[in-house]
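okay, sequence plus prediction incoming.
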Amino acid sequence: MKLIVAVDKNWGIGKNNGLLFDLKADMKHFVSHTRGKTVLMGYNTLRSLPGGMPLKGRTNIVLYPEGDENDAIEKGYILARSLEELSREVNAHSPEDAYVIGGAMMYHTMLPYCEEAVITKVDADGGATVFLDDLDALDNWQLVASEPPMDDCGYSVTFCTYKNNNVLPF
Ligand SMILES: NC(=O)c1ccc[n+]([C@@H]2O[C@H](COP(=O)([O-])OP(=O)(O)OC[C@H]3O[C@@H](n4cnc5c(N)ncnc54)[C@H](OP(=O)(O)O)[C@@H]3O)[C@@H](O)[C@H]2O)c1
């Protein structure tokens, strides 16, 4: 399992239940990684998507203890009401091809189980209210690749990969 996220220079990821930046190249990067795969998200992130709808062309699993099965069926996502249910569903949907796509609570919960983090670093302060854990401050996470910075809609962005040297089984 991997996670994919865009962070600002403070490891900020969102505010007002939305993203910090509107980035075209990063969106393409996100789609190229997740197309055809399984994506895992918390309920706030589902709500933040256009129309509150799951992502097309991907198997969407949503962690939401208070969730409603009818809403899940209607919108076309798999509801997990606990980490146990989430584990069962992920393991039934090729976990090696699964990406955690947010938000802050979900990233924090799933971090120990991810082998890789695909991170877009945006060299700006987005005024975030929710954050990813600072991977540079965690002993088991290591930056293993970093592409040259590029311009994306006026922002300097860098695509990076971190590896987890102590992945826990999920
Ligand atoms: N920059 C990026 O790449 C990126 C990507 C995705 C999202 N975001 C941003 O992240 C923000 C949303 O983050 P968020 O933390 O508010 O929401 P979130 O993680 O999307 O969703 C939180 C929900 O998931 C459930 N949940 C999460 N972890 C859980 C756990 N360990 N056990 C049980 N339930 C759990 C919670 O249920 P309960 O409330 O019932 O406990 C809660 O309803 C938005 O601003 C969004 O735009 C940024």
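On my side now, so go ahead. Numbers count the residues shown, from 1 in each chain.

assess the claim that residue 48 and residue 17 are in contact.
Yes - Residue 48 lies in contact with residue 17 (CB atoms under 8 Å); the separation is 5.0 Å. All C-beta atoms are positioned from the backbone trio N, CA, C, and that covers glycine.

show me the contact partners of the longest strand seen in the chain.
Of all segments of type strand in the chain, defined using DSSP state E, the longest is strand 155-164. Residues from elsewhere that reach strand 155-164 (CB atoms under 8 Å, 6 or more residues apart in numbering): 6, 21, 23, 25-26, 29, 111-112, 114-124, 135, 140-151.

mind redoing it with 7 Å?
Contact with strand 155-164 is made by 21, 23, 25-26, 29, 114-124, 135, 140-147, 149-150, as judged by CB atoms under 7 Å, 6 or more residues apart in numbering.

please check those residues and keep the buried ones.
Buried residues within the contacts of strand 155-164, defined by neighbour count using 16 or more other CB atoms under 10 Å: 21, 23, 26, 29, 114, 116-122, 124, 135, 141.

got phi/psi on the residue most central in space within the chain?
A centroid search over the chain (CA atoms, centre = their mean) returns residue 101, at 2.0 Å, as the residue closest to the centre. Torsion angles at residue 101 (phi, psi; degrees, to the nearest 10) stand at phi -120, psi 20.

so who does it touch?
Applying CB under 7 Å, 6+ apart, we find residue 101 in contact with 4, 34, 39, 40, 41, 45.

ok, and of these, which contact the ligand?
Contacts with the ligand within those, as defined by CB under 6 Å from any ligand atom: 41, 45.

can you pull the residues of the chain lying near the ligand?
Near the ligand, when you scan the chain using CB under 6 Å from any ligand atom, you find 5-6, 13-14, 17-19, 41-45, 48, 63-66, 83, 101-106, 109, 130.
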